[in-house]
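Peer 1: Provided below are the primary sequence and the corresponding predicted coordinates.
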Amino acid sequence: MTKVFPYSDKVMDHFTNPRNMGEIADANAIADVGNPACGDMMRLFLKIENGKIVDAKFKTFGCGAAIATSSMLTEIIKGMTVEEALSVTNQRVIDALDGLPAVKRHCSVMAEEALIGALKEYKAKQGGEATEGGVKSA
Ligand code: FES
């Protein structure tokens, strides 16, 4: 069957059946980010216990690529330590989705920025600061 959209099967799956969409009522790290290029927005909720991400959910008002990357991001980081999650880049999310069209790569940046923002908020509350060393953008 001919593909209608230039997206991988994984992108289409996470777009049409997003994982972890919603809110965490008792989240202890939340970040809001927006994409100035298009006006799309994402809110990421994390529940962190003993330095480990035990739950992650998102609300994204955005395009299909933004929803798919938000969904995949939450799948990747659940179970990670805060330190491990700090090194998760948008490229890693794109790779896990078997790629994104070049014109949609910018959509994946929101997920990375939301993750870093939420982890920084968590670390600030713990009395430490997230280092920029673990933050890389593709
Ligand atoms: Fe706005 Fe994709 S077009 S995030």
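Peer 2: Noted; the coordinates are in hand.
Peer 1: what residues does the helix or strand harbouring residue 122 touch?
Peer 2: According to DSSP states H and E, residue 122 maps onto helix 109-126. For helix 109-126, the surrounding residues in contact (CB atoms under 8 Å, 6 or more residues apart in numbering) are 28-35, 40-46, 48, 58, 60, 62, 66, 69-70, 72-73, 77, 82, 85-86, 88-90, 93, 129-130, 135, 137. In this view, the C-beta of every residue, glycine as well, is placed from N, C-alpha and C.
Peer 1: from the ligand, how far out is the residue nearest the centre of the chain?
Peer 2: Centroid-nearest residue in the chain: residue 111, 3.2 Å away (criterion: CA atoms, centre = their mean). Residue 111 sits at a distance of 10 Å from the ligand (criterion: CB to the nearest ligand atom, to the nearest Å).
Peer 1: over to residue 39?
Peer 2: 7 Å.
Peer 1: out of the contacts of helix 109-126, list just those in helices.
Peer 2: 66, 69, 70, 72, 73, 77, 82, 85, 90, 93 (DSSP state H).
Peer 1: for the residue nearest to the centre of the chain, give me the pLDDT.
Peer 2: With respect to pLDDT, residue 111 scores 96.
Peer 1: my read: residue 56 touches residue 46, true?
Peer 2: Yes. Under the criterion of CB atoms under 8 Å, residue 56 makes contact with residue 46 at 5.4 Å.
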